[in-house]
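In: Sharing a sequence plus its predicted fold:
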Amino acid sequence: TLFEGDVGAAAYRRHGHPLPQETLDMARAADAVLFGAVGDFSCDDLPRELRPEQAILGLRSELGLFANLRPAAGFPGLEHLSSLKPEVARSIDLLVVRELNGDVYFGDKGERGSDGGREGWDMMSYNEARRIAHSAFRAAMGRGKKLTSVDKANVLETSRIWRETVIEVAQEYPEVELDHMYVDNAAMQLVKSPGQFDTIVTGNLFGDILSDQASACVGSI
């Protein structure tokens, strides 16, 4: 049985909220949820809590959808869709495991001041990354048994905790080769030598950007 629920801008216009309670209840009761893209330029001036994007963020949070599996692969005959050299585009076959319920998207947010001196903040918060690390190692076991953990541990305290946790979890998966890469280097390597990657695990913000970049490397998001 197929049920349809309003989300995003359409839901805001009809119900006054991008994720109405009836839609959320419908998703909770379903065996699977099929969700397209959200966004509407006409809603750009709405308060953050009423913007269309809050629909997908709300579903992720309310349904506990903490692991986002984003594959990118170059297919023979479609190399022309990529801006990379054909032999480089063909080498791409990777999976980005993106943590989905933490980081700056869900951390404490605020703003103060006036137009003459405004200040805004978004808290990047991870108290542990154990759950997503297990998901990534299990995914790597089913692929090439190589996992790259991407962080910014040389600058961010959250990344330091992230890296230490991933290293701890790695002890339970001795068959998987683990390495670490700073996010700026990872972005460069995805263009320079994407074939080196098998499975990547990273946080919400970095995973959002790198998985979109990886899809662009093979031609299209």
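Out: Arrived safely, thanks for sending. The structure displayed is predicted, hence computed values, not measured ones. Numbering: from 1, shown residues only.
In: residue with max distance from the center of this protein?
Out: residue 116 (34.4 Å; CA atoms, centre = their mean).
In: Can you read off the pLDDT for that one?
Out: Note on residue 116: pLDDT of 75.
In: From residue 82, how far out is it?
Out: Residue 116 sits 46 Å away from residue 82, going by CB to CB, to the nearest Å. Any C-beta I mention is one placed from the backbone N, CA and C, and that applies to glycine too.
In: tell me what the helix or strand containing residue 25 is packed against?
Out: Using DSSP states H and E, residue 25 maps to helix 21-29. With contacts taken as 3 or more CB pairs under 8 Å, 6 or more residues apart in numbering; DSSP states H and E, helix 21-29 sits against helix 54-62.
In: if we go to 6 Å?
Out: Counting contacts by 3 or more CB pairs under 6 Å, 6 or more residues apart in numbering; DSSP states H and E, helix 21-29 packs against no other helix or strand.
In: could you check the angle helix 54-62 makes with that helix?
Out: 40 degrees (axes from the mean of the first three to the mean of the last three CA atoms, to 10 degrees).
In: Would you mind identifying the helix or strand in this protein with the lowest mean pLDDT?
Out: strand 109-112 (a mean of 86; mean pLDDT, DSSP states H and E).
In: List the buried residues of stretch 1-15.
Out: Within stretch 1-15, the residues that count as buried by 16 or more other CB atoms under 10 Å are 5-9, 11-12.
In: Tell me the one of those nearest residue 192?
Out: residue 8 (36.7 Å; CB to CB).
In: ok, the closest one - contacts?
Out: 18, 38, 52, 55 (CB atoms under 6 Å, 6 or more residues apart in numbering).
In: Double-check the second one against residue 57; I have them as touching.
Out: No. In this structure, residue 38 is not within contact of residue 57 by CB atoms under 6 Å, at 9.6 Å.
In: circling back to that earlier point, the least confident helix or strand of the chain packs against which elements?
Out: Secondary-structure packing of strand 109-112 (3+ CB pairs under 6 Å, 6+ apart): strand 119-122.
In: Quick check: phi and psi on residue 116?
Out: Here is the backbone geometry of residue 116 (degrees, to the nearest 10): phi -80, psi -20.
In: heads up, I number from 51, so please use that
Out: Noted, 51 is the first residue going forward, which turns the last one into residue 166.
In: any idea how far it is from residue 95?
Out: For residue 166, the distance to residue 95 - CB to CB - is 20 Å.
In: And residue 108, by the same measure?
Out: For residue 108, the distance to residue 95 - CB to CB - is 20 Å.
In: more neighbours, the two?
Out: Taking neighbours as other CB atoms under 10 Å, residue 108 and residue 95 compare with residue 108 leading, 18 against 7.
In: For the more buried one, which residues are in contact?
Out: If you count contacts by CB under 6 Å, 6+ apart, residue 108 has them with residue 69.
In: how does it look with 10 Å?
Out: Neighbour list for residue 108: 57, 67-69, 73-74, 77, 99 [criterion: CB atoms under 10 Å, 6 or more residues apart in numbering].
In: now, which of these sits nearest residue 268?
Out: Distances from residue 268 to these, taken as CB to CB, are shortest for residue 57 (28.2 Å).
In: Quick check: closest non-adjacent residue to residue 197.
Out: Nearest non-adjacent residue to residue 197, counting by CB to CB, 6 or more residues apart in numbering: residue 190, 4.3 Å away.
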